[in-house]
Structures are given as structure tokens and as C-alpha cells.
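In: after the sequence you'll find the predicted model.
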Amino acid sequence: MPLKKSLVVGLVLLLAAPILAQGFFGSGNNQEEEEQKQKDRRPTAILLPRKLIDIPTANMLPRGSFDFDFRAYPKGGIFAAVHIGLTNWFLLGAAYGGENILGEGGVNWNPRVEFISRIRVISETYGLPSLAIGFDSQGSGAYNDSLKRYTVKSKGFYAALTKNYILGTVPIGFHGGVNYSLETKDKDKSPDFFVGTDLLFKEQIALEATYSLGLNDNRKNAYYSKGRGYFDVALRWLYSESLQLEFQLKNLLQNRKTTTTISREFRLIYVEFFY
């Protein structure tokens, strides 16, 4: 190569080197910053309840995350659910379980796998709550084969609102919504309404309370319900970003005809990321 051409090429490379380096290292820095932002967002999203005891909220799993939700209920019942955050606004899940898994004798397995989905339609802003619509066919308690329903009907199709605030140093969330269950063999096809709230202390202990009116299970000849609605409370311990333990007291209004006692139930939630 002639000397002049060599000098020109060398000069061009010398001038371009800082730009190329800035572009290369800059893109790396941007990627690192984005990854750090994603990590910073993880704890907040994970700490927010996606299901407050038995009612759905508008909170979502972060993109690329999943959780396992295990519940133990009376008569040795257990069901497990898995949810996957496909995006920051869309999740899918499935659940399965049965009665008498803990105990003696045969297990009464639920007749099918139940499905869960949720789409966040509106994200929360300073003045407005978030809105999510979804479907959840997993009810609460044992499944009754003759009535084709759970002790407490599944939510079915629902729309849920969530608004989070900071009360001093305590995060507090308010939730509410409407649902239509597909468990209608009892001919009660009314929609139902639900509300709930949660307070989080030092990102470790959460107090929860929910109330479902039970309008879809309040007829005079209803097999389970007395028409008072379902009032439940819970204490949730956030052991880490990945592990949460919850103790529930349910049916505080003694709304069920088949029992006059309060139900004590346990829940374990494990959250993890694919990356």
C-alpha cells in the first residue's frame, strides 16, 4: 500500500477509534444499566400480592419470572399452582390438587387441572389504579363432584382494580373487583364482588383482609353458603425475595352451612426468574 494511502487509513482509524469504542462500551453500559434497573424492579413487583388470600388483584409477575403457590386446607387438602410472567402485563398459570393428600386412606383428587390467566389492561399511575382482566377456575376448599364446584366457588372471569399507596413508611394496597364463576350447577348465576387490603411492614410482614359478598352462592337452598359473604384475614411473612409464608384464617363470618368453625390454612409461595 502506498505511503499516502497508509497514512490516510491510519488517520481514519485513529479518529474513528474513540467513536467505535464509545459505541461498543456504551452499548455494554446501557445493557448493564438496563439489567440493573430490571433487578431493582424485581423486589417491588415480587412483594406485591397477585392473589390476596382468595381474591385476584391487578398486580403481575415481572417478565421472565415464575412462581409456585402451594396451599394446605382442612381435611388434608393441598393444591399447587404455577404462574409464569410471559410479559410485564400478561401471565399464565395452572393448578391441581386434592383432598386427603395429608392423612390416611385414599386421596380425592380434583377432576381436572385448573387454568389461570391475567392481562393488565391499564398500568397504575399516581392518580389511577391498575386494571386487570383474567380467568381463574381454581376455587377454594374441596371439590364436590355432585355439585360440580369447590367449597368456595372459583372466580371464573373477573376484572380487578389495584391501587397502592405509602402510608408514612408503610405500603398499603387497596383491591376490588367483580367476577362471574362458571360453577353454576346450583342455578345461581349472579356476578359477585370482592374487596381487599394489605399492609406491608418493613418489607417482611404483611397483614391482609378480604371480603367477597358471595352473591353467586346466597340462595335459600344453597348447599354451602348462609348468605353472609366470605371474610378472611391472613398474615404473610416475606422471608426473602423468593420465599413467602402465609397463615390464613378464613370463613370468619361462619358463612358455611356445613361447619360452624373458622378455617385455618397455610400457604407457601416461591418466586424465581428464568435468568
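Out: Yep, that arrived.
In: C-alpha only now, for contacts and for neighbours.
Out: Will do.
In: quick one, what contacts the closest residue to Phe79 other than its chain neighbours?
Out: Leaving aside its sequence neighbours, Phe79 sits nearest to Gly97 (Cα to Cα, 6 or more residues apart in numbering; 3.8 Å). Gly97 sits next to 77-80, 109-110 when contact means Cα atoms under 8 Å, 6 or more residues apart in numbering.
In: pick out whichever of the residues you listed sits closest to Tyr239.
Out: Ala80 (19.6 Å; Cα to Cα).
In: for the stretch 151-275 of the chain, which residues score under the pLDDT cut-off?
Out: The model of the stretch 151-275 of the chain has no residue with pLDDT under 70.
In: which stretches in it count as strands?
Out: For the stretch 151-275 of the chain, the strands defined by DSSP state E, counting those that start in this stretch cover 156-167, 170-180, 192-201, 205-212, 230-238, 243-250, 263-273.
In: reformat the ones you listed as CSV; add mean neighbour count and distance to Pro56.
Out: As requested, these are exported to CSV (neighbours: other Cα atoms under 10 Å; distance: least, Cα to Cα, whole Å):
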stretch, mean neighbour count, distance to Pro56
strand 156-167, 19, 7
strand 170-180, 20, 8
strand 192-201, 21, 9
strand 205-212, 20, 10
strand 230-238, 21, 14
strand 243-250, 19, 16
strand 263-273, 17, 15
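In: mind putting these into a markdown table with distance to Ser140?
Out: Conversion of the strands of the stretch 151-275 of the chain to a markdown table gives the following (distance: least, Cα to Cα, whole Å):
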| stretch | distance to Ser140 |
| --- | --- |
| strand 156-167 | 12 |
| strand 170-180 | 15 |
| strand 192-201 | 15 |
| strand 205-212 | 13 |
| strand 230-238 | 11 |
| strand 243-250 | 10 |
| strand 263-273 | 11 |
